[in-house]
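S.K.: sharing a model that was predicted from the sequence below.
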Amino acid sequence: MVSFKARRSEPQLVSPERPTPCETKPLSDIDDQHLLRYYETVVGFFRNCPGRTDDRPADLKGTFKAALAEALVYYYPVAGRLREEAGGKLVVDCTAEGVVFVDADADVRLQDFGEPLLPPYPCLDQLLCDPGDVKAVTGRPLLFMQVTELKCGGFVVGFHMCHNIADGFGMIQLMTSVTELMVKASPSLLPVWKRELLTTAQNTTPIPYPNPAYKPLLNSLDSTSDDVMLSIPPNRMVAQYFVFGQREVAALRSHIPGHLADSTTSFELLTAVMWRCRTIALGYEPSQRVRLMVTMNARGRWNRHTLIPWGYYGNAHVSPIVELTVDELCRKTLADTVELVRETKLSVTKECLASMVDTTAYIRQRPSLTMDRTYEVSDTRWIAAVKGLQLGWAEYVGGGIPLAGDLTSKLGSHHMRCQNEDGEDSTVVSLLLPRPAMERFKKEMAVWLNKNDKNLQIYPVPSSSYML
């Protein structure tokens with residue numbers, strides 16, 4: 001595996017290119033969750049398009065910095081600072097103080113990161129600038145970005161962004177605007193704030209009729225954790241990535257009836273199998289209750305009952321939860337588990353979204369929340385399909401959220417799009433587990449894939465790649 005050390009500039013503060021409103025903006029109740037008080041990490045790899053190098057700017061990093069300054073005119077709250085008001089609620093002071101930008105060079109080529117390009121990416125710490133304490137979000141820049149130019153002409157964009165300001169869709173929307181502004185005068189999609197759309201009209205009293213999808217969250221208040229996933233520190237865990245190509249997905253589909261196999265999405269199928277294998281691997285007692293939390297983007301045509309406008313870059317995700325005992329989960333057929341995953345996804349309605357807003361507002365007043373025996377899954381494969389990240393002279397070829405779990409919960413898996421060693425469009429799924437549990441997980445997964453675990457395509461994370 002390649003090893004290198006990037007040559008970095010000193011961190012610079014980049015402010016909006018032109019004057020912007022000086023005001024204070026409230027966050028939504030979805031934004032203002034204690035669980036989101038951290039910096040999410042995203043990395044993207046770009047390569048030059050053959051025959052288009054004449055269009056490439058002579059000063060790539062300078063052009064990127066200038067485009068970032070222009071983007072901050074539209075996304076001016078990102079250039080401000082978070083402040084906690086009395087009562088603990090966060091607001092954004094739009095001060096135009098700026099975001100952190102670092103330019104860097106690395107004597108490696110894009111192909112040196114691996115073919116196919118898959119996480120874990122080598123020397124990830126060299127592609128990201130240092131954000132300091134990733135759990136301290138008030139009074140600090142809300143974005144830390146590094147652009148690293150490679151000797152082949154390709155480049156890597158790595159950033160840490162405060163999750164209270166934007167969800168994954170919003171972060172990519174901002175980055176799309178930056179790349180667009182490198183080649184044209186204005187972004188194709190203008191940002192929308194409107195955080196009041198996801199702010200509760202309730203007071204802080206207990207919710208009288210919570211949506212069933214969120215009762216497990218309310219039941220977690222003031223409870224005591226006995227989950228090994230929460231008691232073991234991340235540096236004693238193993239992070240790995242599992243690649244599912246056409247053969248692997250076909251093998252998993254063979255375990256469910258034909259009529260259901262044809263309609264099941266790969267996300268539903270992989271989530272069902274991994275939840276079962278993970279639960280068994282962690283050795284929970286049969287009577288203990290386990291949960292699946294499916295984090296979904298509330299935007300889009302599939303979700304017409306919501307009022308989230310295009311351009312909204314705040315947190316607009318819903319996370320319905322299903323709960324049952326370990327014994328109930330393990331006795332179900334795979335087909336039944338797939339149906340359970342699907343029902344959880346389809347439970348997202350206008351009423352469910354409103355209930356989530358009320359629930360998160362109430363929980364914010366009671367931050368002693370535990371997430372015992374919870375498996376959180378999100379589908380981020382759409383990042384690879386974002387056409388706005390194509391620059392004409394360069395194109396996005398891979399990346400996403402490069403860490404297994406996140407920097408606060410350790411409980412999540414991200415589904416990311418990739419190509420496998422045969423060049424097929426595939427899904428890579430991250431997972432973080434204690435070492436003994438990871439070995440049990442691989443054995444369980446190998447049974448479902450109908451093959452020896454030695455042939456299972458797994459990408460371990462070097463210890464230097466997992467940053468806390």
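M.R.: Received the coordinates, thanks. Numbers count the residues shown, from 1 in each chain.
S.K.: ok so Thr360 is a strand residue?
M.R.: No. Counting by DSSP: H, G, I helix; E, B strand; the rest coil, Thr360 falls outside a strand, being helix.
S.K.: which residues touch it?
M.R.: Counting by Cβ atoms under 8 Å, 6 or more residues apart in numbering, Thr360 touches Asp29, Ile30, Asp32, Gln33. The C-beta positions use only the backbone N, C-alpha and C, and glycine is treated the same way.
S.K.: quick check: nearest residue in space to the first one, chain neighbours excluded?
M.R.: Yep, that's Asp29 we're talking about. Leaving aside its chain neighbours, Asp29 sits nearest to Ala361 (4.1 Å; criterion: Cβ to Cβ, 6 or more residues apart in numbering).
S.K.: what number of residues lie near that neighbour?
M.R.: 23 (other Cβ atoms under 10 Å).
S.K.: now do it against Thr199, distance only.
M.R.: Applying Cβ to Cβ, to the nearest Å, the value for Ala361 to Thr199 is 8 Å.
S.K.: what is in contact with the two at once?
M.R.: Listed as contacting both Ala361 and Thr199 by Cβ under 8 Å, 6+ apart are Asp29.
S.K.: low pLDDT regions in the stretch 1-150 of the chain?
M.R.: 53 (pLDDT under 70).
S.K.: again, 50 this time
M.R.: The stretch 1-150 of the chain contains no residues with pLDDT under 50.
S.K.: what about the helices in it?
M.R.: Along the stretch 1-150 of the chain, counting by DSSP state H, counting those that start in this stretch, helices occupy 60-74.
S.K.: please give the element, helix or strand, for Arg440.
M.R.: Using DSSP states H and E, Arg440 sits in helix 435-448.
S.K.: picking up where we left off before, quick check: of the contacts of Thr360, which has the highest neighbour count?
M.R.: Ile30 (26 neighbours).
S.K.: what distance do you get for that residue to Met161?
M.R.: Ile30 is 16 Å from Met161, by Cβ to Cβ.
S.K.: equivalent analysis for Arg195, please.
M.R.: 16 Å.
S.K.: so between the two, which is more surrounded?
M.R.: Met161 (25 against 21).
S.K.: hang on, the more buried one packs against Tyr39?
M.R.: Yes. Using Cβ atoms under 8 Å, Met161 and Tyr39 qualify as a contacting pair, with a distance of 6.2 Å.
S.K.: what do these two both touch?
M.R.: The contact lists of Met161 and Tyr39 share Phe144, where a contact means Cβ under 8 Å, 6+ apart.
S.K.: assign the nearest residue to Thr380 once chain neighbours are set aside to helix, strand or coil.
M.R.: Computed as Cβ to Cβ, 6+ apart, the closest residue to Thr380 that is not its neighbour in sequence is His414, at 5.1 Å. Using three-state DSSP, the structure places His414 in strand.
S.K.: show me the contacts for His414.
M.R.: Going by Cβ under 8 Å, 6+ apart, His414 touches Ser378, Asp379, Thr380, Gly400, Ile401, Val429, Ser430.
S.K.: am I right that the residue nearest to Asp29 is in contact with Ala201?
M.R.: No. Taking contacts as Cβ under 8 Å, Ala361 lies outside contact range of Ala201: 9.5 Å.
S.K.: thinking again about what came up before, beta partners of the residue nearest to Thr380?
M.R.: His414 has these beta-bridge partners by DSSP bridges: Ser378.
S.K.: how much space between the closest residue to Gly62 other than its chain neighbours and Phe64?
M.R.: Counting by Cβ to Cβ, 6+ apart, Gly62 lies nearest to Asp103, which is 7.9 Å off, once chain neighbours are set aside. Going from Asp103 to Phe64 by Cβ to Cβ gives 8 Å.
S.K.: got the residue ranges for the strands in the stretch 51-200 of the chain?
M.R.: Counting by DSSP state E, counting those that start in this stretch, the stretch 51-200 of the chain has strands at residues 81-84, 90-93, 99-106, 143-150, 155-162.
S.K.: ok, the stretch 201-350 of the chain next?
M.R.: Assigned by DSSP E, counting those that start in this stretch, the stretch 201-350 of the chain shows strands spanning 237-244, 289-297, 317-318, 321-325.
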